[in-house]
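> Below are the sequence and a predicted model for it; my questions follow.
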Amino acid sequence: MKKIDTIVFDLGGVLIDWNPDYVYKKIFADEKEMKWFYENICTPDWNEEQDAGRSLHDATEYLVKKYPEHETNIRIYYDRWEEMLGGPIHETVDVLKHLKHCTDYKLFALTNWSSETFPVAFDRYEFLHWFHGRLVSGEEKTRKPFKEIYELLMKKFSIAPERSIYIDDNFRNLVPAKELGFHIIHFKSPQQFKKELSGLLEEELV
């Protein structure tokens with residue numbers, strides 16, 4: 001294996017705890033109703049369109065027109081979006097801090113995130129400023145797992161995938177990275193991630 005020189009992080013679910021439950025558990029008394037709302041109204045597919053560049057306004061109005069009886073709860077999604085940020089995943093941030101300040105690895109972020117909401121997180125979390133570069137899907141008008149966003153990352157930052165590691169909590173997003181030649185880590189917990197990263201880097205991480 002060629003020596004690793006670059007590490008690419010996903011953000012949500014790896015470094016940042018984001019979950020709409022933090023809002024909607026206050027709205028729905030019944031968890032089954034909340035799950036139904038996610039599966040039928042504010043669905044993951046709908047949310048991913050914002051990650052790919054659709055405006056929050058257009059996304060909201062589209063659903064309100066389609067499901068007017070759910071207007072209040074639909075508008076809550078982005079009116080209270082900041083409450084969905086649960087904070088840093090501290091153990092993973094500690095690893096990033098070590099990599100930033102104690103090693104020479106090049107560090108990048110590749111995230112599915114709306115261009116309108118990402119600045120909130122960028123202002124809130126200092127560690128998002130530690131990367132040598134970031135690629136935000138909403139700014140590029142495409143998203144993971146489409147191969148073009150990985151290719152754009154490689155081109156923009158001169159990344160050689162065979163010397164790079166890509167970390168994501170969504171296995172679907174790891175498939176194209178692996179096909180392009182990245183070493184991959186499927187993030188499941190900070191402890192598991194740290195162990196696998198140490199193995200690939202062939203060094204202990206404090």
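Sure, I can see it.
> What residue in the chain is the furthest from its centre?
Note on the chain: the largest C-alpha distance from the chain mean falls to Glu69, namely 30.9 Å (C-alpha atoms, centre = their mean).
> Validate this expectation: that residue resides in a helix.
Yes: with DSSP: H, G, I helix; E, B strand; the rest coil as the criterion, Glu69 is part of a helix.
> if I look at it, how far off is Asn173?
From Glu69 over to Asn173 the distance is 34 Å, taken as C-beta to C-beta, to the nearest Å. Heads up, the C-betas are built off the backbone N, CA and C, glycines and all.
> can you check Tyr62 too?
Taking C-beta to C-beta as the measure, Tyr62 and Asn173 are separated by 25 Å.
> who has more neighbours, the two?
In this comparison of Tyr62 against Asn173, neighbours counted by other C-beta atoms under 10 Å, the higher total goes to Asn173 at 22 against 14.
> Leaving out sequence neighbours, find the closest residue to the more buried one.
Ranked by C-beta to C-beta, 6 or more residues apart in numbering and with sequence neighbours excluded, the top spatial neighbour of Asn173 is Lys144, at 4.2 Å.
> Hmm, the one you found is touching Phe171, no?
No: counting by C-beta atoms under 8 Å, Lys144 does not reach Phe171; the two are 11.3 Å apart.
> which one of those two has more residues nearby?
Between Lys144 and Phe171, counting by other C-beta under 10 Å, Lys144 is the more crowded of the two (25 against 12).
> So what does that one have for phi and psi?
When quoted as degrees, to the nearest 10, the phi and psi of Lys144 stand at phi -70, psi 140.
> in this structure, which spans are strands?
Under the criterion DSSP state E, strands of the chain are mapped to 6-9, 16-18, 85-88, 106-111, 133-136, 164-168, 183-186.
> Let's have the ones you listed in TSV, adding distance to Thr117 and mean neighbour count.
Rendered in TSV, the data for these read as follows (distance: least, C-beta to C-beta, whole Å; neighbours: other C-beta atoms under 10 Å):
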stretch	distance to Thr117	mean neighbour count
strand 6-9	18	24
strand 16-18	10	18
strand 85-88	9	15
strand 106-111	11	22
strand 133-136	10	20
strand 164-168	19	24
strand 183-186	25	20
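> can I get these in a markdown table with mean pLDDT and distance to Ile27?
Putting the strands of the chain into a markdown table (pLDDT from 0 to 100; distance: least, C-beta to C-beta, whole Å) gives the following:
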| stretch | mean pLDDT | distance to Ile27 |
| --- | --- | --- |
| strand 6-9 | 98 | 31 |
| strand 16-18 | 98 | 17 |
| strand 85-88 | 96 | 17 |
| strand 106-111 | 98 | 26 |
| strand 133-136 | 98 | 28 |
| strand 164-168 | 98 | 29 |
| strand 183-186 | 98 | 32 |
